[in-house]
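Asker: Whatever this is, show me its structure:
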Amino acid sequence: MHEFITVPIKFNPDLLRKFEASFGEALNNKQVDVIVLIGRDNYFCMGMDLDYIATDYDPGFVTQFCNILKIVKSSSKPVLAMVEGSVIAGGLALLSMVDFIISDETASFSLPESAFGLTPAIAIAGLLERIKPHHIKYLAWTSDAISAKQALEWGLVDKVSSVASLEQDVLLMSHRFSRTPASVIRESRQLLSKHSSFEDVINLGGQLLQDKLKDIQVIERISGYLENIRLFNDEYARD
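Answerer: From the prediction side, this is the model:
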């Protein structure tokens, strides 16, 4: 089963707390296999609430925001995003934490912070795992919005769907991810978090495999898989 969670249209402490609570409930719900982040028709997310930043800002807000990004990135369950409309600034930072992103053809993506003298530092940190540095510089230095088509070419999104088929495509991918064992998700995240050092990755991967092969249930599943192949090959040989 999937759980739709609506992303705040703007980020401020109260709305982030509500989002974190909803996300936490989905993580703790054993019936939920996949979390799907959604926005609204015109905006997936506009990023930080500039009214809050301008009038009532507390430095703890940035820590709160970063902690939520870490929670999404390290989720024990697959996280998808169904993107409609614009994704702006901090909204792009959140989106870059997601495992698989499907947008409609009308979506757009931008980092406008430089227009008022800010470097989109948090978004850059997240985007480094999705797109190339020169693409990040284009977004951060020009403030220009790119289209869904361009985002797909750059790797910022994983699939672009028509408006009519967007939700169906998201549900299909959610169903596919729902069958992924929790151990595969957990161990993949461990390996990918070590991507900066090949030696660390290969050592960790080797240790995980050694540990996994001590599990008799894993061995039984492997045996069953091989038996199915043998049966298929025998049947094929008789045709």
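Asker: My guess is residue 36 contacts residue 170. True?
Answerer: Yes - counting by C-beta atoms under 8 Å, residue 36 does reach residue 170; the two are 6.2 Å apart. The C-beta positions use only the backbone N, C-alpha and C, and glycine is treated the same way.
Asker: Mind listing the shared neighbours of the two?
Answerer: 80, 82 (C-beta atoms under 8 Å, 6 or more residues apart in numbering).
Asker: For residue 174, give me the pLDDT.
Answerer: The model reports residue 174 with a pLDDT of 89.
Asker: any idea how far residue 41 is from it?
Answerer: Residue 174 is 20 Å from residue 41, where distance means C-beta to C-beta, to the nearest Å.
Asker: of those two, who's got more company?
Answerer: residue 174 (22 against 10; other C-beta atoms under 10 Å).
Asker: Help me confirm that the more buried one is found in a helix?
Answerer: Yes - with DSSP: H, G, I helix; E, B strand; the rest coil as the criterion, residue 174 is part of a helix.
Asker: which ones are touching it?
Answerer: So, once contact is read as C-beta under 8 Å, 6+ apart, residue 174 ends up touching 2, 33, 34, 36, 78, 80.
Asker: Which one of those is nearest to residue 179?
Answerer: Nearest to residue 179, judged by C-beta to C-beta, of these is residue 33 at 8.2 Å.
Asker: With adjacent residues omitted, what lies nearest to that closest one?
Answerer: Nearest non-adjacent residue to residue 33, counting by C-beta to C-beta, 6 or more residues apart in numbering: residue 178, 3.7 Å away.
Asker: Any idea how many residues pack against the one you found?
Answerer: Counted with other C-beta under 10 Å, residue 178 comes out at 14.
Asker: Wait, it touches residue 34, no?
Answerer: Yes - assessed by C-beta under 8 Å, residue 178 is found in contact with residue 34 at 5.2 Å.
Asker: shared neighbours, those two?
Answerer: The overlap between the contact sets of residue 178 and residue 34 (C-beta under 8 Å, 6+ apart) consists of 1, 2, 78.
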